[in-house]
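Asks: got a predicted model here, sequence first, then my questions.
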Number of protein chains: 2
Amino acid sequence: MSNRALHNPFMKVRSDHASETAEDYVEAVSDIVHRTGECRVKDLAGHMGVSHVTVTRIIARLQDEGLVETEPYRPVRLTAAGERLAAISRRRHEVVLAFLLALGVPEADARRDTEGIEHHVGPATLERMETFLRTREVQ
Amino acid sequence: MSNRALHNPFMKVRSDHASETAEDYVEAVSDIVHRTGECRVKDLAGHMGVSHVTVTRIIARLQDEGLVETEPYRPVRLTAAGERLAAISRRRHEVVLAFLLALGVPEADARRDTEGIEHHVGPATLERMETFLRTREVQ
DNA sequence: ACAAAAGTGTAGTCATTGCTACAATCTGGG
DNA sequence: CCCAGATTGTAGCAATGACTACACTTTTGT
């Protein structure tokens, strides 16, 4: 099993799915705090396109994981760990988006695809994308 | 809501998840049939790294969706629709993998990342990847 | 100051994808 | 032929993420 995990890419993809939500949410919290000063549940619900109930439960889980802090009826804040994860996620998001744009993908498509792709871009691929951006530039 | 769906990339990603499984499984069925003559539940379980129970249930769903055909204790076959989806998925998979390799990503990383990325590569991005492969070639 | 409105939490449901444990079927070797 | 082992199916549980409906705070406007 653990042996197969090392060789089966599907397992990697599945375990990635678990952290995708965390990455998306801490990034969203970070964005919203920087734009509006504080991040409320309803802001996240609007941002993610889900009901406030879904947000509440996911935030509760992220709090258990030590990524965010909040109290009932209060705004959501990032912990230090949450800030770190948000920074990493945002940077990767930006690299992937810039890369797709540099590739010549129309902006609307690039934004859509980046949202799905970013969570599956490993360090090696990210590094190659950055190299491409530095050397080729737009074309 | 439906208005927001058009503008919220996260909704796209979520609905993509539903079809990812279908794509992965029809592609796996196709591969296994071509390699060994027939595709059994246990082959899929090994290929995907999950228990046979998970496979059985997913295959049942894909049968409802008209992508595969099977009877109890019998091998799994693809329908015409399943073959079509498998062909599309495999081609996209190959393009993404070739693209990452052309980018200079080490093979092991490229294979891993392709597995996660492929499902989120839209037509426009796929087209740009193919163009890159045709024009730049390896570099 | 206080009621209405806005925002948030809770209860309960559903679908998906995992799992283990156990039951049923198929198949091959003796 | 027939049973033991391999394969497949079924039952039942857990976690995640989605929802509606309803309850509870907080905020706001008069």
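Replies: Alright, I've got the coordinates. Numbers count the residues shown, from 1 in each chain, chains lettered A, B, ... in the order given.
Asks: poorly predicted segments of chain A, please.
Replies: A:1-6, A:137-139 (pLDDT under 70).
Asks: which SSE is A:Asp109 in?
Replies: helix A:107-117 (DSSP states H and E).
Asks: next, the angle from that helix to helix B:107-117.
Replies: Put simply, helix A:107-117 runs at 110 degrees to helix B:107-117, going by axes from the mean of the first three to the mean of the last three C-alpha atoms, to 10 degrees.
Asks: what helices or strands is helix A:107-117 leaning on?
Replies: Helices and strands touching helix A:107-117, by 3 or more C-beta pairs under 8 Å, 6 or more residues apart in numbering or on different chains; DSSP states H and E, are helix A:80-103, helix B:9-36, helix B:123-135. Heads up, the C-betas are built off the backbone N, CA and C, glycines and all.
Asks: between these, which one is closest to B:Arg77.
Replies: Among the helices and strands packed on helix A:107-117, the nearest to B:Arg77 by C-beta to C-beta is helix B:9-36 (7.4 Å).
Asks: chain center to the closest one, what's the gap?
Replies: Taking C-alpha atoms, centre = their mean, to the nearest Å, the mean C-alpha location of helix B:9-36 is offset from the chain mean by 4 Å.
Asks: buried set for that helix?
Replies: Under the neighbour-count criterion of 16 or more other C-beta atoms under 10 Å in any protein chain shown, helix B:9-36 has B:10-13, B:16, B:20, B:22-30, B:32-33 buried.
Asks: quickly note the distance from A:Ala18 to DNA strand D.
Replies: As judged by C-beta to the nearest atom of the strand, to the nearest Å, A:Ala18 and DNA strand D stand 6 Å apart.
Asks: try A:Ala22
Replies: In terms of C-beta to the nearest atom of the strand, A:Ala22 sits 8 Å off from DNA strand D.
Asks: go on, A:Met129?
Replies: Distance from A:Met129 to DNA strand D, counting by C-beta to the nearest atom of the strand: 26 Å.
Asks: quick one: is the helix holding A:Asp109 near DNA strand D?
Replies: No - judged by C-beta under 7 Å from any atom of the strand, helix A:107-117 stays clear of DNA strand D, getting no closer than 12.3 Å.
Asks: just the C-alpha atoms of that helix, please, in CSV.
Replies: Extracted C-alpha coordinates of helix A:107-117, given in CSV (Å, rounded to 0.1, in the frame of the first residue of the first chain):
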residue,chain,number,x,y,z
GLU,A,107,-7.2,35.6,-20.4
ALA,A,108,-10.7,34.2,-19.6
ASP,A,109,-9.6,30.6,-20.3
ALA,A,110,-6.3,31.1,-18.5
ARG,A,111,-8.1,32.3,-15.4
ARG,A,112,-10.5,29.4,-15.4
ASP,A,113,-7.9,26.7,-16.1
THR,A,114,-5.4,28.2,-13.5
GLU,A,115,-8.0,27.7,-10.8
GLY,A,116,-8.0,23.9,-11.5
ILE,A,117,-4.4,23.4,-12.5
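Asks: quick check: residues of chain A near DNA strand D?
Replies: Proximity of chain A to DNA strand D (C-beta under 7 Å from any atom of the strand) is limited to residues A:18, A:20-21, A:48-51, A:53-54, A:57-58, A:61, A:72-73.
Asks: buried subset of those as a PyMOL selection?
Replies: Selection of buried members from those for PyMOL, criterion 16+ other C-beta under 10 Å:
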select buried, chain A and resi 20+48+49+50+58
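Asks: not counting sequence-adjacent ones, nearest residue to A:Thr70?
Replies: Nearest non-adjacent residue to A:Thr70, counting by C-beta to C-beta, 6 or more residues apart in numbering or on different chains: A:Val76, 4.6 Å away.
Asks: oops, could you answer that again for A:Pro123 instead?
Replies: A:Pro123 sits nearest to B:Asp109 (C-beta to C-beta, 6+ apart), 7.9 Å away.
Asks: relative to DNA strand C, how far out is that neighbour?
Replies: Distance, B:Asp109 to DNA strand C, by C-beta to the nearest atom of the strand: 21 Å.
Asks: cool, and A:Ala108?
Replies: When C-beta to the nearest atom of the strand is applied, the distance between A:Ala108 and DNA strand C equals 27 Å.
Asks: re earlier: okay, now the residue nearest to A:Thr70: neighbour count?
Replies: 26 (other C-beta atoms under 10 Å in any protein chain shown).
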